[in-house]
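S.K.: Prediction below, plus the sequence it came from.
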Amino acid sequence: MMPYYKFNLSSVISRKPFFGALRIRRLALSSLAPNWTYLTTLCLNGPLNEALLEMAKQGLEMKFKDYDTLLNQCVKQRAYREGQRVHSHMIKTHYEPPVYLRTRLIVLYVKCDCLMDARYVFDEMPERNVVSWTAMVSGYAQNGHCLKALDLFVEMLREGAEPNEFTFTTILRSCIGKYGLFHGMQIHSLLVKYPFGSHLFVGSSLLDMYAKAGRTQEALIIFEGLPERDVVSCTSIISGFAQQGLNEEALVIFRKLQIEGMNFNYVTYVSILTALSGLAAIELGRQVHGHVLRLELPFFVVLQNSLIDMYSKCGHLDYSRRIFNSIPEKTIVSWNAMLVGYSRHGMGKEVVELYDLLKEVSGVRPNNVTVLAVLSGCSHGGMELKGLEIFDEIFSEDDGFELTIEHYACVVDLLGRSGQLDRALQFIKQMPLEPNAAIWGSLLGACRFHQNASIGKIAGNRLLGIEPENAGNYVVLANLYASAGRWEEVRSIREMMKRKSVVKVPGKSWIEVDQTLHTFLASDQAHPRKEEILQKVRDMSVRIKGVGYVPAVSCVLHDVDDEQKEKLLLGHSEKLALAFGLIASQGKPIRVIKNLRICVDCHNFAKFVSQVYSREVTLRDNVRFHHIVDGECSCGDYW
DNA sequence: CGATAGCCTT
């Protein structure tokens, strides 16, 4: 009989054994039983069933090493049922596993998302060490149960167990959400008592915690103070800034680290793509894309998904679709990214087509983000009735989607756009969630478009009650009153604004020319070519007035005369960026990005400019794209 | 002895 080690072991242990490997394993099983150590070793990376079956059949006595090998395999393969069989074998044979094996069981159950089982093993432990505590805390952290993780961590300290660097990295991950920073800072101060205060992993978790809580400066200080830097800590700081919308800062850090020679991984590229998407920096985005291809990074769906989103946010949906089509194993995020892309470009037909394709052929389950994308796609794409139909379908099917306030806001939008303002108001009154600013804002926008001042007044007052500090709301409501000729109410809005000391988020627009971003604020004086640009805006205004442009002075709520109002309107950041685009890029389409919703006057201005200057203009505001060609906008003047 | 850890897309 040939001893087992004469076989080609690597083929025996391979996950998908070549022809005959199974037979060899069977041979080994029959010839070498009942030596469990051999048998379990042969199961390395292979099917567990045979060894487990033998185990159950023969009721052999198992030793520590056998359980260890088997559980190790179960963990690697995330084999819940097989793990349970090993576990129950221990119980049946009255085997008292040591702390080590019990911890392995916890890890196994955690990996299989069976936290109840893990907790049961944990609770039954006669003694625990730091590893078992950390494994259990990590279980809660991995599954998003932040508060449970924190509770257990506190319990651990109370029991006198000493946390180690693993425990701290794990628990800091759970310090997110509403109270995350509060707990995270306490843990930060607790860390001082331990010798690994400047540990690389602990430091990365710490800076990530601060960055996610919006404390980017603290995060940066910790990053600078790390004992060394690696790709994860670098990605953490870059994505931290990007997630806070500090895209330019993220880009600066990325470049600095790149020059220092840091070797990035695919996660880093995902993070920098997020920043470039926010900036709509298409040329830089293309560079990153090319770089990723040259690096021959293995195929990462997450990276492909962020490329879809980057091209879509930069206005190149054709590239997005090409990448989408090239992904062999699309996840729901890939589908959603593509759907959201069509939605923000106002392409309702494509949204519905892709949604049908998703349901019919993909085999991927839609989630609530999908629903949101489809509903908003229908409203942005002029398919209000289709959108309402899909909502009814989903609502009646009850597919287990968690309908959030955003979903209801979409429905209000659909009803509002289709002119059913009374129904929209009824819908808001009947919905099971408390209406928020987005809901009332959506209704108010619909009232402005359909010139319904009475329902608009209801929506506006509710909105101002919820968000008294948001200047944009006052502007929309005043616009509505102004267009209805209700000047008394316009004046009262203006006074209300003064009284409540409303803060304006500064409007900001930018444009990418020759791989450089040129940023403009309202009435900007900072750009080196400011004189030229302001003169250009004035020229443009004169030229388009000749074909019917009338400045929408009701957009200005300052208490000044109309001449002043017109001057203020001409200083809007999107007009400056548009003018700069006309000067700096000959003949090419102009792509302007704005951080807020585009104002009525600027939208109208851009339409006239596209016509008079025969230039395609693309405006991206914080919600959607406006593709303006020859005086017509893809949004149909509803946004 | 071993078992426990940080970054990411819609």
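M.R.: Arrived safely, thanks for sending.
S.K.: Which elements pack onto the top helix by length along chain A?
M.R.: Ranked by residue count, the top helix of chain A under DSSP state H comes out as helix A:530-545. With contacts taken as 3 or more CB pairs under 8 Å, 6 or more residues apart in numbering; DSSP states H and E, helix A:530-545 sits against helix A:562-570, helix A:573-584, helix A:600-612. From N, CA and C alone the C-beta is placed, and that goes for glycine too.
S.K.: same question for that helix, mean pLDDT?
M.R.: Taken as a whole, helix A:530-545 carries a mean pLDDT of 89.
S.K.: quick one, what contacts the most centrally placed residue in chain A?
M.R.: With distances taken as CA atoms, centre = their mean, A:Q243 lies nearest the centre of chain A, 8.5 Å away. Residues in contact with A:Q243 (CB atoms under 8 Å, 6 or more residues apart in numbering) are A:211-212, A:274.
S.K.: Likewise for A:S610?
M.R.: So A:S610 contacts A:616-617, A:628-631 (CB under 8 Å, 6+ apart).
S.K.: I'd like to check which residues are in contact with the one residue in the stretch 451-600 of chain A that gets nearest to DNA strand B.
M.R.: Nearest residue of the stretch 451-600 of chain A to DNA strand B: A:I593, at 15.6 Å (CB to the nearest atom of the strand). By CB under 8 Å, 6+ apart, A:I593 lies in contact with A:279-280, A:509-511, A:577, A:619-620.
S.K.: and the gap between the closest residue to A:L619 other than its chain neighbours and A:K607?
M.R.: Distance criterion CB to CB, 6 or more residues apart in numbering; nearest residue to A:L619, sequence neighbours excluded, is A:H626 at 4.2 Å. A:H626 is 9 Å from A:K607, where distance means CB to CB, to the nearest Å.
S.K.: list residues touching both of these two?
M.R.: Counting by CB under 8 Å, 6+ apart, the residues touching both A:H626 and A:K607 are A:C633.
S.K.: hang on, the earlier thing: could you dump the contacts of A:S610 into JSON lines with neighbour count added?
M.R.: Output for the contacts of A:S610, formatted as JSON lines (neighbours: other CB atoms under 10 Å):
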{"residue": "A:E616", "neighbour count": "14"}
{"residue": "A:V617", "neighbour count": "23"}
{"residue": "A:I628", "neighbour count": "24"}
{"residue": "A:V629", "neighbour count": "16"}
{"residue": "A:D630", "neighbour count": "11"}
{"residue": "A:G631", "neighbour count": "15"}
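S.K.: for those residues, which one is nearest A:P589?
M.R.: The closest of the contacts of A:S610 to A:P589 turns out to be A:E616 (CB to CB; 3.9 Å).
S.K.: Surely that closest one and A:R591 touch.
M.R.: No: judged on CB atoms under 8 Å, A:E616 makes no contact with A:R591 at a distance of 9.2 Å.
S.K.: follow-up on the earlier one: who does the residue of the stretch 451-600 of chain A closest to DNA strand B bridge with?
M.R.: A:W510, A:R620 (DSSP bridges).
S.K.: And the pLDDT at it?
M.R.: For A:I593, pLDDT reads 92.
S.K.: in the host helix or strand of A:M90, what's buried?
M.R.: For A:M90, the host element (DSSP states H and E) is helix A:80-92. For helix A:80-92, burial by neighbour count (16 or more other CB atoms under 10 Å) applies to A:80, A:82-87, A:89-90.
S.K.: and that helix, C-alpha only, in PDB?
M.R.: Taking C-alpha atoms only, helix A:80-92 is exported to PDB below (Å, rounded to 0.1, in the frame of the first residue of the first chain):
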ATOM      1  CA  TYR A  80     -21.400  26.600   8.700                       C
ATOM      2  CA  ARG A  81     -23.000  23.200   8.600                       C
ATOM      3  CA  GLU A  82     -19.800  21.300   8.700                       C
ATOM      4  CA  GLY A  83     -18.600  23.500  11.500                       C
ATOM      5  CA  GLN A  84     -21.700  22.700  13.500                       C
ATOM      6  CA  ARG A  85     -21.100  19.000  13.000                       C
ATOM      7  CA  VAL A  86     -17.600  19.400  14.400                       C
ATOM      8  CA  HIS A  87     -19.000  21.400  17.300                       C
ATOM      9  CA  SER A  88     -21.700  18.900  18.100                       C
ATOM     10  CA  HIS A  89     -19.200  16.100  17.900                       C
ATOM     11  CA  MET A  90     -17.300  17.800  20.700                       C
ATOM     12  CA  ILE A  91     -20.500  18.000  22.800                       C
ATOM     13  CA  LYS A  92     -21.500  14.300  22.100                       C
END
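S.K.: any idea of the mean pLDDT in it?
M.R.: The model assigns helix A:80-92 a mean pLDDT of 90.
S.K.: Is it positioned near DNA strand B?
M.R.: No: using CB under 7 Å from any atom of the strand, helix A:80-92 stays clear of DNA strand B, coming no nearer than 13.7 Å.
S.K.: mind listing the helices for the stretch 51-200 of chain A?
M.R.: Secondary structure of the stretch 51-200 of chain A (DSSP state H, counting those that start in this stretch): helices located at A:64-77, A:80-92, A:99-111, A:115-123, A:130-142, A:146-158, A:165-173, A:180-191, A:200-212.
S.K.: mind putting these in a markdown table, distance to A:R255 included?
M.R.: Converted to a markdown table, the helices of the stretch 51-200 of chain A look like this (distance: least, CB to CB, whole Å):
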| stretch | distance to A:R255 |
| --- | --- |
| helix A:64-77 | 39 |
| helix A:80-92 | 46 |
| helix A:99-111 | 38 |
| helix A:115-123 | 42 |
| helix A:130-142 | 33 |
| helix A:146-158 | 34 |
| helix A:165-173 | 28 |
| helix A:180-191 | 29 |
| helix A:200-212 | 18 |
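S.K.: A:S306 is nearest to which of those?
M.R.: Judging the helices of the stretch 51-200 of chain A by CB to CB, what sits closest to A:S306 is helix A:200-212, at 18.1 Å.
S.K.: what is the mean pLDDT for the closest one?
M.R.: Per-residue scores along helix A:200-212 average to 97.
S.K.: Restrict whatever helix or strand comes next after it to CA atoms and write it as PDB.
M.R.: Later in the chain than helix A:200-212, the nearest helix or strand by DSSP H and E is helix A:216-224. Extracted as PDB, the C-alpha positions of helix A:216-224 are listed here (Å, rounded to 0.1, in the frame of the first residue of the first chain):
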ATOM      1  CA  THR A 216     -10.100  65.700   9.100                       C
ATOM      2  CA  GLN A 217      -7.500  67.900  10.800                       C
ATOM      3  CA  GLU A 218      -7.200  65.500  13.700                       C
ATOM      4  CA  ALA A 219      -7.000  62.700  11.300                       C
ATOM      5  CA  LEU A 220      -4.200  64.400   9.400                       C
ATOM      6  CA  ILE A 221      -2.200  65.000  12.600                       C
ATOM      7  CA  ILE A 222      -2.500  61.300  13.600                       C
ATOM      8  CA  PHE A 223      -1.500  60.400  10.000                       C
ATOM      9  CA  GLU A 224       1.600  62.600  10.200                       C
END
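S.K.: residues making contact with helix A:216-224?
M.R.: By CB under 8 Å, 6+ apart, helix A:216-224 touches A:203, A:206-208, A:210-211, A:229, A:233, A:236-237, A:240-241, A:244, A:246, A:249.
S.K.: Can you tell me which of those is nearest A:E532?
M.R.: Of the contacts of helix A:216-224, the one sitting nearest to A:E532 (CB to CB) turns out to be A:E249, at 28.9 Å.
S.K.: Make sure that closest one is indeed in a helix.
M.R.: Yes: assigned with DSSP: H, G, I helix; E, B strand; the rest coil, A:E249 falls within a helix.
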